[in-house]
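**Q** coords please:
(one chain, ligands or ions: 1)
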Amino acid sequence: MNDRGALARAFLCQQIELGMPDIILLPGSRAAAACMLPAKRPERTPTPAVRTPKTLPPAAKAGEKPRLLPVSRLMAAPEKRPAVADDPMRNALVALYSAEKDCAACGLSAQRKTFVFGSGNVHAPLMIVGEAPGAEEDAQGVPFVGAAGELLTAMLGAIGLDRKKDVFIANVLKCRPPANRTPEAGEIAACKRILTAQINIMRPRVFLLLGRIAAHALLDTADSIASLRKEVRSVNGVPAFATYHPAAMLRNPEYKRPAWEDMQKLRTFLTELGAYAATN
Ligand code: SF4
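**A** Sure thing, here's the model as predicted:
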């Protein structure tokens, strides 16, 4: 099967993994021939045709949900990391969290239940940046835990990344805008310093920017995601991929295919960079 056929098969398999509506292919069409998927949804989830590179960890098992913890607890859990006292990066992040968790630099602090700092592996080579907490995130103190979070977890799993172990996830805003409205320019300007401080401490090797707000905040551009996703940009010299926000994908299913292609490009880039070789 050629590359286009492999990609198409992987895409369709991922749609099934993600629980998307059935995809109907006309018998005899080139897509059907390339994918060779059964007409009915299979009882077991098929394995995507794109092989997991050796340098990336294996994809999450179907149905496996990672246990998500607020960053304050993650940082307190040593796991295989050095003791907190011996980990300057973790200590610096804990200090930043402590200094900013009661921030009132913009009006969003008034309705905040939780200051959503971020979650994941603070030493991860890939940092994912989204827009702002929603209702679930505000309640739990963890970014990307609602339906959009489940989609992001599945997207990462499809390229062999575990959201708890292999990435760090943060938002541009740390507090929820009322009714999940679009963040205002003043709120972004007030809050960006916290994200900048996180980046300066963690120094990720690659960024994945989810949606227009994150991309515009870090890339200092007004270009559309449709334009930004066509090339690898840079955040202060660090390669940055931009793609659609999972919440936008849930509202507009036509974004899922280009987002899947973006994730494949990201995986190729991470593999060629050897970003995960040292963690396996
Ligand atoms: S959104 Fe950011 S700047 Fe505004 S109060 Fe929350 S932490 Fe502070």
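
**Q** just the helices in the stretch 101-250 of the chain please.
**A** For the stretch 101-250 of the chain, applying DSSP state H, counting those that start in this stretch gives helices covering 135-140, 147-158, 185-202, 212-219, 225-228, 246-251.

**Q** for those helices, which one sits closest to residue 271?
**A** helix 147-158 (14.3 Å; CB to CB). No exception for glycine: its C-beta is placed from N, CA and C like everyone else's.

**Q** Just the CA atoms of that closest one, as CSV, please.
**A** Extracted in CSV, the C-alpha atoms of helix 147-158 (Å, rounded to 0.1, in the frame of the first residue of the first chain):
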residue,chain,number,x,y,z
ALA,A,147,-15.1,15.8,26.0
ALA,A,148,-12.4,17.9,24.3
GLY,A,149,-9.9,16.5,26.7
GLU,A,150,-10.9,12.9,25.9
LEU,A,151,-10.4,13.7,22.2
LEU,A,152,-7.0,15.2,22.9
THR,A,153,-6.0,12.1,24.9
ALA,A,154,-7.1,9.9,22.0
MET,A,155,-5.2,12.0,19.5
LEU,A,156,-2.0,11.7,21.6
GLY,A,157,-2.6,8.0,22.1
ALA,A,158,-2.9,7.5,18.4
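
**Q** What residues of it count as buried?
**A** Buried residues in helix 147-158, counted by 16 or more other CB atoms under 10 Å: 148-158.

**Q** Then stretch 238-246?
**A** By 16+ other CB under 10 Å, the buried positions in stretch 238-246 come out as 239-246.

**Q** Would you reformat the helices of the stretch 101-250 of the chain as JSON lines and include distance to the ligand and mean pLDDT?
**A** Conversion of those to JSON lines gives the following (distance: least, CB to the nearest ligand atom, whole Å; pLDDT from 0 to 100):
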{"stretch": "helix 135-140", "distance to the ligand": "11", "mean pLDDT": "96"}
{"stretch": "helix 147-158", "distance to the ligand": "19", "mean pLDDT": "96"}
{"stretch": "helix 185-202", "distance to the ligand": "3", "mean pLDDT": "98"}
{"stretch": "helix 212-219", "distance to the ligand": "12", "mean pLDDT": "98"}
{"stretch": "helix 225-228", "distance to the ligand": "22", "mean pLDDT": "97"}
{"stretch": "helix 246-251", "distance to the ligand": "18", "mean pLDDT": "97"}
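
**Q** Using CSV, lay out those together with distance to residue 113.
**A** Output for the helices of the stretch 101-250 of the chain, formatted as CSV (distance: least, CB to CB, whole Å):
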stretch, distance to residue 113
helix 135-140, 5
helix 147-158, 17
helix 185-202, 17
helix 212-219, 21
helix 225-228, 29
helix 246-251, 19
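
**Q** Looking at the buried residues of helix 147-158, which one is closest to residue 186?
**A** Taking CB to CB as the measure, residue 186 lies nearest residue 148 of these, at 24.6 Å.

**Q** Now do the contacts for the residue nearest to residue 180 when sequence neighbours are not counted.
**A** Leaving aside its sequence neighbours, residue 180 sits nearest to residue 134 (CB to CB, 6 or more residues apart in numbering; 5.3 Å). Applying CB atoms under 8 Å, 6 or more residues apart in numbering, we find residue 134 in contact with 146, 148, 176, 180, 247.

**Q** Residue 114 versus residue 134, what's the distance?
**A** As judged by CB to CB, to the nearest Å, residue 134 and residue 114 stand 12 Å apart.

**Q** Can you list the low-confidence ranges for the stretch 1-150 of the chain?
**A** Flagging of the stretch 1-150 of the chain using pLDDT under 70 yields the residue ranges 1-85.
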